[in-house]
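**Q** Quick check, what structure comes out for this input:
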Amino acid sequence: MPAVLKSKQSKQSTKKISNKYIIDASGPARDKLFDVATFEKFLNDRIKVENKTGNLSDKVVISREGEGKIAVVTNIAFSGRYLKYLTKKYLKKHQLRDWLRVVATSKGVYELKYFNVDLDDESEEEE
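**A** The predicted structure follows:
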């Protein structure tokens, strides 16, 4: 029975896995609150491939797409949740976590949005 399981695993590992993830920070970048170039460098420095940082080679490609968008194309098994984690880590490091949040708008697309803060409505309710 183990021989059957091994053959199934070898078939799965030969499949080409290619995913494309997009991180859209166009809103905060337009407001000059978020620097896309430093975020791209942060991702290049921090993404781990085979448990090693700086080991991207051709397996993970990070590039800018348009104004304020970063595309991450992977040729290995890669979790989009990991990108969300790294984005949150970047926001925390640059003290932007109080104003921005990471929202998954669709599969493979993460967007940075502002928190909804309505101070005027709260002050009217208190009076």
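**Q** residues contacting residue 114?
**A** Counting by Cβ atoms under 8 Å, 6 or more residues apart in numbering, residue 114 touches 27, 28, 99, 100, 101. Heads up, the C-betas are built off the backbone N, CA and C, glycines and all.
**Q** Confidence-wise, which helix or strand of the chain is lowest on average?
**A** helix 2-13 (a mean of 54; mean pLDDT, DSSP states H and E).
**Q** What's the first helix or strand after that one?
**A** strand 19-24 (DSSP states H and E).
**Q** Sheet-wise, list the partners of that next one with their directions.
**A** strand 69-74 (antiparallel), strand 109-114 (parallel) (DSSP bridges).
**Q** what is the rounded mean pLDDT of the last one?
**A** Averaging pLDDT along strand 109-114 gives 95.
**Q** List the buried residues of that strand.
**A** Buried residues in strand 109-114, defined by neighbour count with 16 or more other Cβ atoms under 10 Å: 110, 111, 112.
**Q** Give me the distance between the last one and residue 67.
**A** In this case it means residue 112. Distance of residue 112 to residue 67, computed by Cβ to Cβ, to the nearest Å: 13 Å.
**Q** Kindly report the same for residue 106.
**A** 19 Å.
**Q** Neighbour count: these two, which is higher?
**A** Neighbour count, other Cβ atoms under 10 Å: between residue 106 and residue 67, residue 67 has more, with 11 against 8.
**Q** Now do the more buried one against residue 59, distance only.
**A** Residue 67 is 27 Å from residue 59, by Cβ to Cβ.
**Q** Also residue 18?
**A** 10 Å.
**Q** Next, show the common contact partners of these two.
**A** With Cβ under 8 Å, 6+ apart, residue 18 and residue 59 have common neighbours 74, 75.
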